[in-house]
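> quick one: sequence and predicted model below, then my questions.
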Amino acid sequence: MASRPTKRKRQTPAGGQLYPRKKKKEAEDLESLNQRLQEIDPNGDEFTAFSELPLSQPTASGLEASHFKTLTDIQKKAIPLALKGSDILGAAKTGSGKTLAFLVPVLDNLYRRKWTDLDGLGALILSPTRELAIQIFEVLRKIGRYHTFSAGLVIGGKSLQEEQERLGRMNILVCTPGRMLQHMDQTAAFDIDNLQMLVLDEADRIMDMGFQGTVDAIVEHLPKLRQTLLFSATQTKKVSDLARLSLRDPEYVSVHEAASSATPSTLQQHYIITPLPDKLDTLWSFLRSNLKSKILVFLSSGKQVRYVYETFRHLQPGIPLLHLHGRQKQSARLDITSRFSSTKNSCLLATDVVARGLDFPAVDWVIQLDCPEDADTYIHRVGRTARYEQNGRAVLFLEPTEESGMLKRLEQKKVTVERINVRQKKQQSIKNQLQNMCFKDPELKYLGQKAFVSYVRSVHIQKDKEIFKLNELPLEEFSASLGLPGAPRIKFVKGDNAKMLKNASRQAIASSDDETDENPAPDGESKPKKASVRTKYDRMFQRTNQDVLTAHYSNLVNNDEGTRANGNAEADDGAFLTVKRTINPDSSDSDSDPNSPSPHPETVKVIPGLGKTPIVIDSKRKEKLLKSKKKMLKLRDKGTKLVFDDEGHAHPIYELETERQFQDHGPADAQKATFLRAEQERLRDADGTDKAAAKLKRREKKAKRRAREAEEGAGEGVERRVTLAPYEGEGGMEDLREAEEDQEVEEKRPKKWFEDDSEDEPKSKRKKKAKEPSPEPETLLDLEAVAAGLLA
Ligand SMILES: Nc1ncnc2c1ncn2[C@@H]1O[C@H](COP(=O)(O)OP(=O)(O)OP(=O)(O)O)[C@@H](O)[C@H]1O
């Protein structure tokens, strides 16, 4: 977890005392540094190089050794203010150097306070993702290499105990919010009372719903008197957030506010219109024509990332593929980020886990296959290219229904994107291949189904309904384009729950999956459960996601609604399929006659059984009982099976003749003889058909085996061990040969783990062998042989 920037060794003279002259020099340097800092005017002075700033010697040397010389805009404004101790709300475009804007003040402010191991935690840096935390930590290690502070990375993925042991000694920690809170709650030796600085990188993300609770809890543990720095590429000055973090007169440092675009000027931004079912074709064609590029593709869920990765991998586009999402193991995530960083041409398929802050060098293209949830996410995603004055290109794939809404949002955020068209000549279709793959590989099909469901859910939970219009999406065609035989059925979670679910852990999602199609009360509180018994059909009709179900199901729903509108009596008489529903005399939409008397008007409900007798529910216990489908079946009538004759008259399955009718057919003995004859004939016919089928099968087997042998052992003499057994069937020589061949096949069959060699021997021989008494061991050698036999 933790590593220290190389600590300067304290040299002690022979007597064991520190060099007094060195100590004195350090004190003088510090004094002059404080003096210089006092003299600067952070709002008036313009600094262009790090060397002009009043920085400590270790920080200045670290920056120089890392080849950082001139300041970026955000660094020019934020560093002097932060050195002077102000709280800062910093916003600047992606790739503009915000990391140094907070790391330099963190190092220097602690240095000027002569921070040592004994002082405990001095600065806490929060990052929304593990990858970004690692990246920040790496930069800290580089520029802090001449300091003596201890610094740690707390991002989970290691044992809590291992981290706990080291936490107590850390001066600077870079961490993800969840793990930090866990330590604050569980690590006794973790001293945070002295904390001087709190930094939130990608602050807007950290302060949004997903982390809200965690960050609030962390802040509660921290001392109120501290310096707080917030940085992001897309920051809003939400008063509520500032209050939650107890910022004191924060300085707003927004260097690109006046700029005509919210994205770097070196970034070329385009969008194309692709109907949902053509998305994968277009992505495939794009990759095929950009094999020598470094491409980052954003999708809206981990399941889609996996599906596209697995299918494209099979299809081999000719460019190395990587994939990254939040549900992967930490080690795999690290491995993939470093592989993508170091390659020159490859394609990384990823979720928004890499959308923020990550500094992959030299990315040529950022492709947004799925529309981002808002303009801020768009800005962060495209910010993975065109970093620090380099060039980059971004393409946003938009579904026709998303175009106007998304363009409007981008315009509001000062982002200009230009429409381009796909060259039809270069467009290739992989729909058939995907269908083929899903047909052959059920796992891939399952993955496709999950990808489909997660895409639809991701659209459903989006807040901005001007962009995301689920009802207008061609979902059936989309599922077909993924190679699926039909659109899977989907359960939805509504409102805030959905957002929570998006950010929740896998465990939480699993546990919340069961009842997801229930409608939560509008105010977010849980509804009191309806007292009436809900049948499977009730649940089906009350579902909220009927518009995304298969056509057959939608028809069923529509028909039912139609018939209800026409009156219940009509519905019952005319509809081919009718659904019997729970009758609750109290409820207004009940199918029953509300005027009909009931034994206990308050509590009694009547469920029509499948037979004639209705089931009366007159107690809570019985009602509960009826909720179980199995138990309900017991209570219902079994029903009677009927067969219909050619005229359409119903008859019971077994109809007995009268004695008179029986005698009309002749004497009983003669009837019996005729019946037996007819049955024998029927049996013979059936036997003949069976034999013919078996013969055909054996021939096919034989032909296959011969073909195989011809292929394998061309020229080689294959020794056959065939024992001829007397055969008593009717089929003559051919049957005999085939029987031999079957036996041969049987002999060649590889042995199963539970069979031993003795099964090769004829049974009679085995029996004999078993009966033969083994000779009594006489010598020590005999005894050993018996023991070895037992152990073998
Ligand atoms: N003063 C500087 N001189 C030269 N390069 C710099 C300087 N500051 C930052 N960089 C480089 O610019 C790149 C982007 O920096 P950084 O990751 O800090 O950007 P950012 O503003 O945090 O981006 P994002 O908003 O995407 O998180 C990095 O590769 C970094 O090394």
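Nice, thanks for sending it over. Computed from a prediction, not measured in an experiment: that's the story for all the values here. Numbers count the residues shown, from 1 in each chain.
> strands along the stretch 401-550 of the chain, start to end?
418-419 (DSSP state E, counting those that start in this stretch).
> please read the previous query as pertaining to the stretch 601-750 of the chain.
605-607, 615-617, 642-644, 650-652.
> mean confidence score for the helix ranked longest in the chain?
The longest helix of the chain (DSSP state H) is helix 668-712. Across helix 668-712, the average pLDDT comes to 89.
> next: stretch 334-343.
pLDDT averaged over stretch 334-343 gives 94.
> hmm, who's touching that stretch?
Applying C-beta atoms under 8 Å, 6 or more residues apart in numbering, the contact partners of stretch 334-343 are 131, 134, 294, 296, 320, 322-324, 328, 346, 348, 354, 358, 360-361. Every residue, glycine included, has its C-beta placed from N, CA and C.
> so which bits of it are buried?
By neighbour count on 16 or more other C-beta atoms under 10 Å, the buried set for stretch 334-343 is I336, T337, F340, S341, T343.
> so what secondary structure elements neighbour the longest helix of the chain?
helix 732-748 (3 or more C-beta pairs under 8 Å, 6 or more residues apart in numbering; DSSP states H and E).
> for the helix it packs on, give the mean pLDDT please.
For helix 732-748, the mean per-residue pLDDT is 39.
> now do stretch 431-445
94.
> who touches it?
Stretch 431-445 is contacted by residues 280-281, 307, 310-311, 314-315, 448, 480-485 when judged by C-beta under 8 Å, 6+ apart.
> can you add neighbour count, pLDDT and distance to the ligand and give the residues you listed back as TSV?
Written out in TSV, the entries for the contacts of stretch 431-445 read as follows (neighbours: other C-beta atoms under 10 Å; pLDDT from 0 to 100; distance: C-beta to the nearest ligand atom, whole Å):
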residue	neighbour count	pLDDT	distance to the ligand
L280	24	97	28
D281	19	96	31
Y307	29	97	28
E310	19	96	29
T311	23	97	30
H314	13	94	33
L315	16	95	32
G448	29	95	33
A480	17	95	38
S481	23	95	33
L482	26	96	32
G483	23	94	36
L484	21	94	36
P485	13	89	42
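> just checking, which of those residues belong to helices?
Using DSSP H, the contacts of stretch 431-445 in helices are L280, D281, Y307, E310, T311, H314, L315, G448, A480, S481.
> would you map the helices across the stretch 201-350 of the chain?
Secondary structure of the stretch 201-350 of the chain by DSSP state H, counting those that start in this stretch: the helices cover 203-206, 209-221, 239-244, 279-288, 302-315, 330-342.
> of those, flag the one that's most buried.
helix 203-206 (a mean of 24; mean count of other C-beta atoms under 10 Å).
> for that helix, packing partners?
Where contact means 3+ C-beta pairs under 8 Å, 6+ apart, helix 203-206 is packed against strand 227-232.
> report all helices and strands that the strand it packs on contacts.
Short answer (3+ C-beta pairs under 8 Å, 6+ apart): strand 227-232 packs on helix 73-83, strand 88-91, helix 98-112, strand 197-201, helix 203-206.
> can you list these in CSV and add distance to D29 and mean pLDDT?
Below are the helices and strands packed on strand 227-232 laid out as CSV (distance: least, C-beta to C-beta, whole Å; pLDDT from 0 to 100):
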stretch, distance to D29, mean pLDDT
helix 73-83, 16, 95
strand 88-91, 26, 90
helix 98-112, 10, 96
strand 197-201, 22, 95
helix 203-206, 34, 86
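> just so I know, which of these lies nearest the ligand?
Closest approach to the ligand among the helices and strands packed on strand 227-232 is made by helix 98-112 (3.3 Å; C-beta to the nearest ligand atom).
> okay, the closest one in CSV with CA atoms only?
Presented in CSV, the C-alpha positions along helix 98-112 are these (Å, rounded to 0.1, in the frame of the first residue of the first chain):
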residue,chain,number,x,y,z
LYS,A,98,-4.5,20.3,-12.0
THR,A,99,-2.7,17.5,-10.3
LEU,A,100,0.4,19.6,-9.7
ALA,A,101,-1.8,22.5,-8.8
PHE,A,102,-2.6,20.7,-5.5
LEU,A,103,0.4,18.5,-5.0
VAL,A,104,2.9,21.3,-4.9
PRO,A,105,1.1,23.2,-2.1
VAL,A,106,0.5,20.0,-0.2
LEU,A,107,4.2,19.2,-0.1
ASP,A,108,5.3,22.8,0.6
ASN,A,109,2.7,23.6,3.2
LEU,A,110,3.7,20.6,5.3
TYR,A,111,7.3,21.3,4.8
ARG,A,112,7.0,24.8,6.1
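> who's in contact with the helix or strand just after that helix?
Where DSSP states H and E defines the elements, the next helix or strand beyond helix 98-112 is strand 123-126. Outside strand 123-126, the residues within contact range by C-beta under 8 Å, 6+ apart are 102, 106, 109-110, 133, 136, 171-177, 180, 192, 195-201, 206, 215, 218, 222.
> for the stretch 651-792 of the chain, what lies in contact range of the ligand?
By C-beta under 6 Å from any ligand atom, no residue of the stretch 651-792 of the chain approaches the ligand.
> on that earlier part again, mean pLDDT lowest for which of the strands of the stretch 601-750 of the chain?
strand 605-607 (a mean of 41).
> once you drop chain neighbours, what's closest to Q412?
Among residues not flanking Q412 along the chain, A375 sits closest, at 6.7 Å (C-beta to C-beta, 6 or more residues apart in numbering).
> nice, that's everything, thank you.
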